[in-house]
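J.: with the sequence up front, the predicted model follows.
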Number of protein chains: 2
Amino acid sequence: MKRSLGRKTLAVPSPVWIVGTYDAAGKPNLMTAAWGGICCSKPPSVCVSLRAATYSHQAIIDRASFTVGIPHTDQVAIADYLGIATGRDTDKFAAAGLTPLAAEHVDAPLAAEFPLSLECRLSHTVELGLHTLFVGEILDVKAEEEVLGENGRPCIDQVSPIVFAAPQGAYFSVGPQIAPAFDVGKSIDAPSEG
Amino acid sequence: MKRSLGRKTLAVPSPVWIVGTYDAAGKPNLMTAAWGGICCSKPPSVCVSLRAATYSHQAIIDRASFTVGIPHTDQVAIADYLGIATGRDTDKFAAAGLTPLAAEHVDAPLAAEFPLSLECRLSHTVELGLHTLFVGEILDVKAEEEVLGENGRPCIDQVSPIVFAAPQGAYFSVGPQIAPAFDVGKSIDAPSEG
């Protein structure tokens, strides 16, 4: 039996990503965003949605640049803090004990301590209502050596990203691998009745 | 030491969501999308990105409607199949043993067997390159009673959504809760040096 829950953002899973920007004075800032995801393969792009009231919103527009940091589950308190505090009157890098590094390809900072970071050039800005959706073309991915698997790509067990459950307002880890993609579904054929 | 990995969609985690549409003939269809996420709180909205070559792409545009089904980890083979097969010449509902139900608020089908489904009215279409980003306003959420927690909201442990690791091409489950949101970060204060 299906229950109707109304017009709500009750979807799972959401990522816990940290948006890095410079403000007008050049101060590096970080802000947590759970509304976002990969949105295009060519050009490789991600989107993040921010409220116009946030300090990072104008910073993304001003420099047409942002980074997306992917924190480790061990950094969950930092990730949560970066979503509570505002960079308007706080040096959030210093408060969280993080080290700002200049991105190589865009005019934005990344945090040295996050295992994985994307350098993004703003490509599209879409006003949706309370949130603005920013699409960023990924110009580079910076990874800590320790999180790379044998294929040279980040291994999710090592990156250990945080999962946000919006309906519960809680953070979760990623569990064990359950199946390879583009493979386990091959066992399903058309039914015998055609 | 940071390694530069280039212009790639090497981000985690991604959702495994199933987009439901009717084709021009009214046949219900399902397609797996891992490029997507929640993108606005008011109006509540999600985005999914599809290649123009997919059968579902035109179907979303034609009826300005789609559903987002969130399959359970036990349905991972079905979810994978729905991303491999095409609805152009196959009844994917029948092949996967799924039951189409008409959405209540939009002109699209949902699968009775998924624990959670969103009914979405197309609000924005953004051409990004290989993928088109579709934003859908969530007009209702349909949940199986069994997945609802004491607060009447979906519990991630019961929904048991699938996590896609794009860098590895593999599916993962969600692990244990690690912290409450908007709370665990309160322990971080400005450093003593100000």
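T.: Arrived safely.

J.: in stretch A:116-135, what's buried?
T.: A:116-124, A:126, A:128-135 (16 or more other C-beta atoms under 10 Å in any protein chain shown). (Glycine included, C-beta is placed from N, CA and C.)

J.: tell me which of those fall in strands.
T.: A:116-124, A:126, A:131-135 (DSSP state E).

J.: ok, which of those also contact chain B?
T.: A:Leu116, A:Leu118, A:Ser123, A:His124, A:Val126, A:His131, A:Leu133, A:Val135 (C-beta under 8 Å from any C-beta of the partner chain).

J.: what's the most distant pair in these?
T.: Farthest pair in those (C-beta to C-beta) is A:Leu116 and A:Val126. Separation: 25.3 Å.

J.: nearest to B:Lys42 among the ones next to chain B among the ones in strands among the buried residues of stretch A:116-135?
T.: Using C-beta to C-beta, these come closest to B:Lys42 at A:His131, 7.9 Å.

J.: that closest one reaches A:Trp35, doesn't it?
T.: Yes - assessed by C-beta atoms under 8 Å, A:His131 is found in contact with A:Trp35 at 6.2 Å.

J.: any residues in contact with both of these two?
T.: Residues within reach of A:His131 and of A:Trp35 at once, by C-beta atoms under 8 Å, 6 or more residues apart in numbering or on different chains, are A:Ser49, B:Cys39, B:Cys40, B:Ser41.

J.: residues touching A:Leu128, list them.
T.: Contacts of A:Leu128 (C-beta under 8 Å, 6+ apart): A:Ser49, B:Cys39, B:Cys40, B:Pro43, B:Ser45, B:Ser123, B:His124, B:Val135.

J.: report the two of those separated the most.
T.: Between any two of the contacts of A:Leu128, the greatest separation by C-beta to C-beta is 13.2 Å, found for A:Ser49 and B:Ser123.

J.: before we move on, the earlier item: looking at the shared contacts of A:His131 and A:Trp35, which are in strands?
T.: A:Ser49, B:Cys39, B:Cys40.

J.: looking at the ones in strands among the buried residues of stretch A:116-135, spot the one nearest chain B.
T.: The nearest member of these to chain B, counting by C-beta to the nearest C-beta, is A:His131 at 4.2 Å.

J.: dump the residue contacts of the closest one.
T.: Counted by C-beta under 8 Å, 6+ apart, A:His131 has contacts A:Trp35, A:Ser49, A:Leu50, A:Arg51, B:Cys39, B:Cys40, B:Ser41, B:Lys42, B:Ser45.
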